[in-house]
Structure formats: structure tokens, C-alpha cells
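K.L.:
From the sequence below, what's the structure:
(4 chains)
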Number of protein chains: 2
Amino acid sequence: MRRDVFQAIADPTRRAIITLIAMQAMTPNAIAENFHTTRQAISKHLRILTECEVVKQEQRGREIYYQLEVKKLKEMDKWIEQFRKIWEDRFNQLDNVLSTMKKKKK
Amino acid sequence: MRRDVFQAIADPTRRAIITLIAMQAMTPNAIAENFHTTRQAISKHLRILTECEVVKQEQRGREIYYQLEVKKLKEMDKWIEQFRKIWEDRFNQLDNVLSTMKKKKK
DNA sequence: ATTTTGCGAAACCGAATAGTTGCATATATA
DNA sequence: TATATATGCAACTATTCGGTTTCGCAAAAT
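P.N.:
Okay, the predicted model is just below:
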């Protein structure tokens, strides 16, 4: 069973959960109200997100607040980093072509 | 069957393929040499990557060169963007705490 | 003390996934 | 023309995934 950030955000419901709790911690019930599935299904997603360390729990009485843990998202950001350089390069190349065309027009 | 960037990069082999062809287009055979699976398995991954529009093909005789298509990776980058703000804010908060401690020390 | 509420865990199901082997097809090469 | 090479596609399999229903447990409310 693979448990990493990439697998965590592969599911659209999990991405929505992440966005939802990004600003404030929420309980499973509160989260589930925003979806058309059962609380148990959300609970399962939360378990996966916890195992992937994308969220962390904070018990308060019988309620559990789930909060975003940005560290792992940063890891993914780091992976994309290598490609950001590529598309910036390609943009600059296009930019060069455009300015060359402009000069020729003159 | 879901076909988006997030699903495309969920698999570690596919991530490796993406990194491999990032700098130069490659044929399925050449790509497969870098892995411990069959060429057909790689071919399947390439089909998924093509369907997700993360790579594009260029036929040259009987060979097919697969090349990275950065556009969709940018889409994912855009999704992370919203969280980048959060972790920068948290960093700044930490920074404030640290400078307050420094001032008090004085 | 009893009931309600919030939650996770287990068992089950259909669909998707990642891999395999075998085959068909088109392009090179001898 | 016959053969070798590059590739995709189909059928099959074991495993994982996302969901549901049912249950048990602990904390809160009555």
C-alpha cells in the first residue's frame, strides 16, 4: 500500500478536503456535510490523509479536529520545481522569438 | 475512469518517466530500458500519460518519440499555489515570533 | 443512569490499477 | 521478398480503491 503525498492528492474528494481544512481545522462530521457521501467514507479519506501525513489530528473531547500539515505539500512542490525551470525556459525562448519578430517588423 | 494530472503523477513509475523525458524526447523502448518492467507495461503508462495530456507523441518512421507537455503540470502547480501562500504566512508568523524574542532579549 | 452524539474499524462489493503474456501491424533491413 | 524491429492492443490476474452498511466504544447531554 503506497502512502505518499502524490497518492494522497490523486483523489478529487481528498483534494477538496485539503482545500476545505486549509484555513481552519474541522471535525469529520463538519467536513462530511460538504460532500454527498457518508461520514464513514470521509473518515476513510482522513485516515489515508493522516497516513500520508498531509493532515494531523487534534482530539478535543469526543471531537477530533483535522488540520492541514503543509510539510508534505511542500515536498510535492519541490518535485514540480524541476519542471518549473523547464517551462520558464520555454517561455523565454518564445519571448525571444517574439521580440525577434518585432525587430524584423521595424 | 479519471484522467487528470493528479492521477497521472500518482504512480511512481510514471513520475520517473516524466522526469526521464523532461529534457529530451524518448521512444518507449529507450524508456523501458530504465525500468525493471516489460516494455508493454511502460507502453500502458505512456498511454495514460498521453490521455492525461502530460506527454505528447511524435511519430518518426516506426519509432514514436514521447515528449513532456508542461501545460498540465502547470495546472497542478496552480493548485498548490493556494497552499504556498499558507506556508509562507506560517513562516512569516514564525519569523515575527523570532524577531519579537530578539527584541525582548535586547 | 440512560440516551444521544461523534467517531473509527470491519466486512463486503464493484470498479479501477498495474502488471503479465500473446498477438497484430507497420516500418526498416538483409 | 523474407526477416527483424518498434510499437500498440487485447485478454487475463492479483491487488488496491472508494464507497456502503453495520457495529462498537467513548464522551456528552438528558
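K.L.:
How about the residues of chain A by chain B?
P.N.:
A:2, A:6-7, A:9-10, A:12, A:15, A:18-19, A:22-23, A:68, A:70, A:73-74, A:76-77, A:79-80, A:82-84, A:86-87, A:90 (CB under 8 Å from any CB of the partner chain). Placement of C-beta: from N, CA and C, glycine included.
K.L.:
part of a strand, is A:Tyr65?
P.N.:
Yes: judged by DSSP: H, G, I helix; E, B strand; the rest coil, A:Tyr65 forms part of a strand.
K.L.:
Please tell me I have it right and it contacts A:Ala25.
P.N.:
Yes: if you go by CB atoms under 8 Å, A:Tyr65 and A:Ala25 touch, sitting 4.0 Å apart.
K.L.:
Confidence-wise, which helix or strand of chain A is lowest on average?
P.N.:
Every helix and strand in chain A was compared by mean pLDDT, DSSP states H and E; the lowest is helix A:70-105, with a mean of 83.
K.L.:
Now that helix: buried residues?
P.N.:
Across helix A:70-105, burial judged by 16 or more other CB atoms under 10 Å in any protein chain shown covers A:70, A:72-73, A:76-77, A:79, A:83.
K.L.:
Repeat that for stretch A:24-39.
P.N.:
Going by 16+ other CB under 10 Å, stretch A:24-39 has these buried residues: A:25-28, A:30-32.
K.L.:
from the middle of its chain, how far away would it be?
P.N.:
Here the centre of stretch A:24-39 is set off from its chain's centre by 18 Å, with CA atoms, centre = their mean, to the nearest Å.
K.L.:
Please name the nearest non-neighbouring residue to A:Val55.
P.N.:
A:Leu49 (4.4 Å; CB to CB, 6 or more residues apart in numbering or on different chains).
K.L.:
The one you found: what's it in contact with?
P.N.:
A:8, A:14, A:17-18, A:55, A:66 (CB atoms under 8 Å, 6 or more residues apart in numbering or on different chains).
K.L.:
repeat for A:Ile21
P.N.:
Contacts for A:Ile21 (CB under 8 Å, 6+ apart) come out as A:31, A:55, A:66-68.
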